[in-house]
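Undergrad: predicted model and sequence below, questions to follow.
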Amino acid sequence: MRYSKEFFDLQIDFARAAVALIDMPIERALLDYTNIYVRFGLGRDFDQDHPTWRCYVDGLSQAADLCDWTYRFYLARTEASQPQSMVATFGCFSYAKQDAKCVRIHFQNIEPPMVSPLSIDRLPVRLAELRSLFDHVRRNQPEATRVAGTSWLYNLRAYQLCFPKGYMASAKVAKSRFRNMPLWGQFLDRNGFVRIDIAEDFLQRLSNVTNGRDLSLSFPLQALAVEPPIAQFYGLYGIEHDQRMSVLRTGE
């Protein structure tokens, strides 16, 4: 997906607010308070000395327009941007291995235009996708004992209905997520364009922030992190799983 210029502009506005409230140079704010480093395809090490990042930063002082320079740099790097490696995809859901004992699930809207992927009439489809996903996990990742996810979507009741009731009991606000898409994704539609109503709410909130510690309050929705036992999913989706064998494999 190619993201719109407005998406980068929104993040730059946030970085500028961080500069005004916290004693830091703009290049540090762009590294720590935006998703731009990741969008350049540089991974998640956030190395300020990465040659490509240094090239971008060096151009900041020469650029007549910071937003224009950033987007032109992004477009030149688009082909280098690589999505996280997924093990398998089932409709709107996919998963990757976080480690030997934990799988991380992801969501992407692949429904046709004008169809809401989280509408009540599409819930059976979402549940069927998750049933297939966790059946695949059971067969191919038998040592997995936990499921992880981080997203702004966990604030939505419609999204919560896809998961076991106990799933949200483990939810915590994800700290220091300014660099990552689980927070910034709430501003995007399926095509990478900014959702105007949400962006306007964000900018209004941002204009009222007077302390750097409160910058997170600018976001209409916080990124929530969850990590419950995988047995909850097997139970909800009716997937047979020998828990004793999992314990033996993991040594727990």
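TA: Thanks, I have it. Residues are numbered from 1 along each chain as shown.
Undergrad: name the nearest residue to His136, sequence neighbours excluded.
TA: Spatially, and ignoring its direct neighbours in sequence, His136 is nearest to Ala88 (5.2 Å; Cβ to Cβ, 6 or more residues apart in numbering). Yep, even glycine has a C-beta here, placed from its N, CA and C like the rest.
Undergrad: report pLDDT for that neighbour.
TA: pLDDT for Ala88: 95.
Undergrad: gap between it and Val226?
TA: Distance of Ala88 to Val226, computed by Cβ to Cβ, to the nearest Å: 20 Å.
Undergrad: neighbour count for the two, which is higher?
TA: Shown here are Ala88 and Val226; by other Cβ atoms under 10 Å, Val226 has more neighbours (20 against 15).
Undergrad: okay, and the beta partners of the more buried one?
TA: Beta-bridge partners for Val226, by DSSP bridges, are Gly149.
Undergrad: contact partners for it?
TA: Shown in contact with Val226 (Cβ atoms under 8 Å, 6 or more residues apart in numbering): Val147, Ala148, Gly149, Thr150, Tyr154, Tyr167, Met168, Ser170, Ala171, Lys172.
Undergrad: I figured the second one was touching Pro229, is that so?
TA: It refers to Ala148. No - checked against Cβ atoms under 8 Å, the pair Ala148 and Pro229 is beyond contact range at 11.3 Å.
Undergrad: what about the strands in this protein?
TA: For the chain, the strands defined by DSSP state E occupy 88-90, 93-99, 102-107, 146-151, 172-173, 224-226.
Undergrad: so can I have TSV of the ones you listed showing distance to Lys5?
TA: Supplementary listing: these in TSV, determined by distance: least, Cβ to Cβ, whole Å:
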stretch	distance to Lys5
strand 88-90	29
strand 93-99	28
strand 102-107	25
strand 146-151	24
strand 172-173	29
strand 224-226	28
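Undergrad: looking at those, which is nearest to Arg138?
TA: Closest to Arg138 of the strands of the chain, according to Cβ to Cβ: strand 102-107, at 10.5 Å.
Undergrad: counting contacts, what elements does that closest one pack onto?
TA: On a contact count with 3 or more Cβ pairs under 8 Å, 6 or more residues apart in numbering; DSSP states H and E, strand 102-107 meets strand 93-99, strand 146-151.
Undergrad: residue contacts, the residue nearest to Gln160 when sequence neighbours are not counted?
TA: Nearest residue to Gln160, sequence neighbours excluded (Cβ to Cβ, 6+ apart): Met168, at 5.7 Å. The contact partners of Met168, taken as Cβ under 8 Å, 6+ apart, are Tyr154, Gln160, Val226.
Undergrad: wait, the second one sits on Tyr154?
TA: So that's Gln160. Yes - shown here, Gln160 and Tyr154 form a contact pair, counting by Cβ under 8 Å, at 6.7 Å.
Undergrad: neighbour count for those two, which is higher?
TA: Taking neighbours as other Cβ under 10 Å, Gln160 and Tyr154 compare with Tyr154 leading, 21 against 16.
Undergrad: now the helices and strands packed on strand 102-107 as TSV including mean neighbour count, distance to Leu203 and mean pLDDT?
TA: Below are these laid out as TSV (neighbours: other Cβ atoms under 10 Å; distance: least, Cβ to Cβ, whole Å; pLDDT from 0 to 100):
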stretch	mean neighbour count	distance to Leu203	mean pLDDT
strand 93-99	17	32	94
strand 146-151	22	22	94
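Undergrad: switch those strands over to a markdown table; also include distance to His106.
TA: What follows is the helices and strands packed on strand 102-107, written out as a markdown table (distance: least, Cβ to Cβ, whole Å):
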| stretch | distance to His106 |
| --- | --- |
| strand 93-99 | 5 |
| strand 146-151 | 8 |
